[in-house]
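Peer 1: Could you look at this predicted model? Sequence included:
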Amino acid sequence: MQNLLLTPVQHVIKYTPELALTTPVSILMNKLCDSIEVDWRLFEGKTIELYVIDVNKRLQWHCRNQRFHPCISRQKADARISGNLNTFVVLIQQSVDSDTLFFERKLQMEGNTEVGLAMRNMLDAIDWDEQPPIIAVPKRLFDSALARSLSS
């Protein structure tokens, strides 16, 4: 079933410049990393890419000094995780186990699998309920809107 909420979100993401997407996401990722244990040695000097297939959008970050920095280079990333927007939403919501998404081929990993798995494990380790309101409240609102759109 197509998620009705995602259709407008897909259009926004598709037509938004990559840097306008990667910058706030890098701020969010860095804030989230402050609340979990991260093995920065795996990420240091590496470029990580999330490729959202259905909107043909590549979001890249380069890790240096224990922080993710947005980058818009077209160089090949060290690790790339690809999937449709809906799959990334499900991954972030933690409503489906990330292993299941990979086994069902809804998410694909390319390049340095150690870095890709570390990124996936980092996303899995986030406890959204323990985040400050500036992060937790928008996520709860999004989850609520998503649930309403699925039930109608």
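Peer 2: That came in fine, so what should we check first?

Peer 1: Secondary structure element holding the spatially most central residue of the chain?
Peer 2: Closest to where the C-alpha atoms of the chain average out (C-alpha atoms, centre = their mean) is Phe88, at 6.1 Å. For Phe88, the host element (DSSP states H and E) is helix 85-93.

Peer 1: So what's the gap between that helix and the chain middle?
Peer 2: Averaged C-alpha coordinates place helix 85-93 at 8 Å from its chain's average position (C-alpha atoms, centre = their mean, to the nearest Å).

Peer 1: in it, what counts as buried?
Peer 2: Residues of helix 85-93 classed as buried: 85-91 (neighbour count, 16 or more other C-beta atoms under 10 Å). From N, CA and C alone the C-beta is placed, and that goes for glycine too.

Peer 1: now stretch 104-120
Peer 2: The neighbour-count check on stretch 104-120 (16+ other C-beta under 10 Å) flags 106-107, 109, 111-112, 115-120 as buried.
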